[in-house]
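Participant: here is my input; please provide its structure:
(2 chains)
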Amino acid sequence: MRRTLPIFGVLAVLLVAIAVANPYFLELPGFLAFVKRAAPLAILAAGQYFVIVSGEFDLSVGSLVTAEVVIAARLIDGDPGATWPVIALLLVLGALVGLVNGAVTTFLRVPSFITTLGMMLILAGAVFLWTGGAPRGALTEQFRTFGRGDLGPVPWSVLILLAVVAAVVLLMRADFGRTLVATGDNPGAAALSGVRVPLTKTIAFVLSGASAAVCAILLGGFAGVSAQVGQGLEFQAITAVVLGGVVLGGGRGSVVAAIAGAFTLEALFTLLNLYGISGALESAVQGVILIAAIALGALNLPAWAARARATNATTHTTPDPTHAKG
Amino acid sequence: MGLVLRMTGIGKSFPGARVLSGVDLEVAAGEVHALIGENGAGKSTLMKILAGVHTPDEGTIEIEGRALAFGHPLDAQRAGVSIIYQELTLLPERTVAENVFLGREPVRRGLVDRETMERTTAELLASLGEDSFGPRDLVRRLSVAQQQVVEIVKALSVDARIVVMDEPTAALAEHEVELLYRLVRQLRERGIAVLYISHRLREIFDLADRVTVLKDGAKVATEPIDRITTADLVRLMVGRELTDYYPPRAQRPPGDVLLAVRGGGNDRLDGIDLELRAGEIVGVAGLQGAGRTELVKALFGAEPFTRGEMTPRRPRSVRDGIAAGIGLVTEDRKSEGLALHQSVRDNALLVARARKGRAGGTVLQLLERVRLAPPRPEQEVRYLSGGNQQKVVLAKWLTVAPRVLLFDEPTRGVDVGAKAAIHELVRELADGGMAVLMVSSELPELIGMSDRILVLRDGRIAGRLPAGATEEAVMELAAGS
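Facilitator: Numbers count the residues shown, from 1 in each chain, chains lettered A, B, ... in the order given. Okay, here's the model as predicted:
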């Protein structure tokens, strides 16, 4: 738990700063509007968490989101009757892309960084080929409701986010989640304990792909159809997860902290926007955060934790030098 | 013959353990000097001190009368020390000549002089009578024996005064050993001092002029080879007082056969016949590389047998082995046993979760059963002592109630108190009806714990000994004299 605390502190500070600059933020609609804006990234970060905690990367999710939105627009093409079948198709497609990523990474032993980088390029190329650069078709109002509509006072996307959070928290407490983290921590020990390491990692990729599909459904509604809708999202998701204190290389960090990382990133963007700082800086800020979070995580945090524990511990608990993994 | 190497009063401690104390060693030019001792006797540390990898806490080293500066492997190299490690250190993607001249390539007009490199290498190869490969061959295409030749050419090209060989035959096939013998004799004829580290007694009698025996970090004897017998060497290497206490052996005769192998083999093992019965602890002895870890991994299914019969069934994978009721407490807790950043609970439940089964009893009951003190399920295992970590590994297996439990070095890196606790636990499990197979390099532990002992040598069972066998008897079978 200790590792997850810093992110909530940072998030709280940023939320206060936003509220100071913009008091509307303190009213329910203002706050919900923020959550609604953050929901797609938060869901994507939850999916990315599974992959990162298992010791891998998923760089394909940005392109996947774009592909899903473009496909949805073209297949629905304004026909309300096509909404639900297409939503189902999007989820299956997302999971399928994850399945391919996972299978190539585990069974063909291609490093996931390369596998998903390749998938990113393949999907981007396919979208371009298919649309010629300008997406055709249109989403229905019914489809867009999930991203921009409300149920009573609460945006749909907030409800969907809550459902996703509940699901991933339960999943991480279940056998699958515990086994997944152990696999990321030490795949060798997991395999010798009877864990199906390739299957477990593949499921993580499938979850990431499915989360990209959900993210695409929300973003398609929220931002509309474009060939740039998912651009850079993979790095935002990875930044969010890392910001949440999840260690690249696997085995450490919580999914709730990863989601909090997404909110923190969104809060930071909001704040930059409120203070009139150019949107062009967003990507630079994100880069700084990514590097700083990893540098801090790699050097200081584990050492603090080890010292804190060593002094707190009432019995002979020897801090182990091997914890400086990765 | 002049003295090439003189080590005087070498002592070395690592945190928590004294590894060497007051070791004297002298090797003359043209002498093959064997250094022997059990696993952990200090041979490798002594060699690494000579190589400049470790700095001794006390003592001096002279090479041909000049004091050797400590601190860097390059100093040792310049002084004329060449080391041929068990794990060869050549670059696989470079040619033989490039490896020989690595880091000191001859230069002509600012460019690497490949011609000289290759000519010199070819001459040295020819002088050793080696014609099976040439200076331009890539090292990765060479066999281990051929790579050793390259290492020796390298030593000759730097005009080494002393060549240290660490277990050079460990990775060689039978017919390659003769080749190595020839090389060693050629070195001797050139007046080079050879320090030959091995625990295979036969090689020592074949090759060495003198032999020095290390035990528990101290030198016990240096003798000319013709004034000593195999029995003497074994006695010098072992012969420790049995001061430790071990739990009493099985009170009842062993029960049903829970696991049996007939003619088991794979690429590391051959002709394995064994039976494990309920209630007994079977010890497995053997030197490094004899196939002990390979044996437990084969029985477990991690590196399965490819030949032979096994009952109840021959596991083809880890999951297969676990389903057949077999558990393995691995040799290396940190790399193979535990997910160090996870809690005691998550580690203890890993096997049960992987099988989608429920653990028998609560985690606390489980931790109590392995006597983890204090039983704190939420603590990360990396903060536990070695002994407590081992108890967590044990707990992991108890969740699925295996019928056969395999232990590979169960007390390595565990302090004395925790050792006794683990010994008691292992005996308790056997008394409770489990069949236990235990690999250990520590002969007192092996003899103290086992109801009978299998001795492995070169991937085969070299012999079987009853409870209470002597260390000498075990070592003689293991070393194959």
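Participant: and A:Gln186, how far from A:Gly47?
Facilitator: Actually, residue A:186 is Asn. It isn't Gln. 23 Å (CB to CB, to the nearest Å). C-beta coordinates here come from the backbone N, C-alpha and C atoms, glycine included.
Participant: which one's more surrounded, the two?
Facilitator: A:Gly47 (31 against 26; other CB atoms under 10 Å in any protein chain shown).
Participant: separation between that one and A:Asp58?
Facilitator: Between A:Gly47 and A:Asp58 the distance is 8 Å, computed by CB to CB.
Participant: give me every residue that touches B:Asp209.
Facilitator: Shown in contact with B:Asp209 (CB atoms under 8 Å, 6 or more residues apart in numbering or on different chains): B:Glu31, B:Val32, B:His33, B:Pro224, B:Ile225.
Participant: helices along the stretch 101-250 of chain A, start to end?
Facilitator: For the stretch 101-250 of chain A, the helices defined by DSSP state H, counting those that start in this stretch cover A:112-131, A:141-148, A:156-173, A:175-185, A:187-192, A:197-223, A:233-243.
Participant: and of the ones you listed, who's closest to chain B?
Facilitator: Nearest to chain B, of all these, is helix A:175-185, at 3.8 Å by CB to the nearest CB.
Participant: now for the closest one, which elements pack on it?
Facilitator: In terms of contacts (3 or more CB pairs under 8 Å, 6 or more residues apart in numbering or on different chains; DSSP states H and E), helix A:175-185 is packed against helix A:28-53, helix A:156-173, helix A:187-192, helix A:197-223, helix B:344-348, helix B:350-354.
Participant: hmm, back to that, can I get the contacts of B:Asp209 in TSV with neighbour count and distance to A:Glu27?
Facilitator: As requested, these are arranged in TSV below (neighbours: other CB atoms under 10 Å in any protein chain shown; distance: CB to CB, whole Å):
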residue	neighbour count	distance to A:Glu27
B:Glu31	21	91
B:Val32	24	89
B:His33	25	87
B:Pro224	10	96
B:Ile225	17	93
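Participant: dump those residues to JSON lines, plus distance to A:Leu290, secondary structure and pLDDT.
Facilitator: What follows is the contacts of B:Asp209, written out as JSON lines (distance: CB to CB, whole Å; DSSP: H, G, I helix; E, B strand; the rest coil; pLDDT from 0 to 100):
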{"residue": "B:Glu31", "distance to A:Leu290": "61", "secondary structure": "coil", "pLDDT": "94"}
{"residue": "B:Val32", "distance to A:Leu290": "59", "secondary structure": "strand", "pLDDT": "95"}
{"residue": "B:His33", "distance to A:Leu290": "57", "secondary structure": "strand", "pLDDT": "95"}
{"residue": "B:Pro224", "distance to A:Leu290": "67", "secondary structure": "strand", "pLDDT": "93"}
{"residue": "B:Ile225", "distance to A:Leu290": "65", "secondary structure": "helix", "pLDDT": "91"}
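Participant: which among the residues you listed gets closest to chain A?
Facilitator: Using CB to the nearest CB, the contacts of B:Asp209 come closest to chain A at B:His33, 36.3 Å.
Participant: just to revisit the earlier point, okay, and the common contacts of A:Gly47 and A:Asp58?
Facilitator: Common neighbours of A:Gly47 and A:Asp58 are listed as A:Ser208, A:Gly209, A:Ala237 (criterion: CB under 8 Å, 6+ apart).
Participant: next, count neighbours for A:Arg173.
Facilitator: The burial count for A:Arg173: 11, using other CB under 10 Å.
Participant: ditto for B:Leu46
Facilitator: 28.
Participant: so it, which state does it fall into?
Facilitator: Under DSSP: H, G, I helix; E, B strand; the rest coil, B:Leu46 falls in the helix class.
Participant: which residues touch it?
Facilitator: B:Met7, B:Ile10, B:Leu20, B:Val23, B:Leu25, B:Leu35, B:Leu214.
Participant: ok, the fourth one touching B:Asp216?
Facilitator: No - B:Val23 is not in contact with B:Asp216 according to CB atoms under 8 Å; the separation is 11.3 Å.
Participant: of those two, which one has the most company?
Facilitator: B:Val23 (23 against 15).
Participant: confirm that that one sits in a strand.
Facilitator: Yes - under three-state DSSP, B:Val23 sits within a strand.
Participant: gap between it and B:Asp57?
Facilitator: Applying CB to CB to B:Val23 and B:Asp57 gives a distance of 12 Å.
Participant: okay, and the common contacts of the two?
Facilitator: Common contacts of B:Val23 and B:Asp57, defined by CB under 8 Å, 6+ apart, comprise B:Gly11.
Participant: now for B:Val23 and B:Asp216: what residues contact both?
Facilitator: B:Gly42.
Participant: measure the residue of the stretch 201-350 of chain B found nearest chain A to B:Thr230 for me?
Facilitator: In the stretch 201-350 of chain B, the residue that lies nearest chain A is B:Ala339 (3.8 Å; CB to the nearest CB). Distance, B:Ala339 to B:Thr230, using CB to CB: 46 Å.
Participant: return the residues in contact with the closest residue to B:Ala79 other than its chain neighbours.
Facilitator: Spatially, and ignoring its direct neighbours in sequence, B:Ala79 is nearest to B:Ile63 (4.5 Å; CB to CB, 6 or more residues apart in numbering or on different chains). By CB under 8 Å, 6+ apart, B:Ile63 lies in contact with B:Val4, B:Leu5, B:Ala79, B:Gly80, B:Val81, B:Arg161, B:Ile162.
Participant: near chain A, which residues of chain B show up?
Facilitator: B:302, B:318-319, B:322, B:328, B:330, B:334-342, B:346-347, B:349-351, B:353-356, B:374, B:379, B:382-385, B:396 (CB under 8 Å from any CB of the partner chain).
Participant: that concludes my questions; thank you for your assistance.
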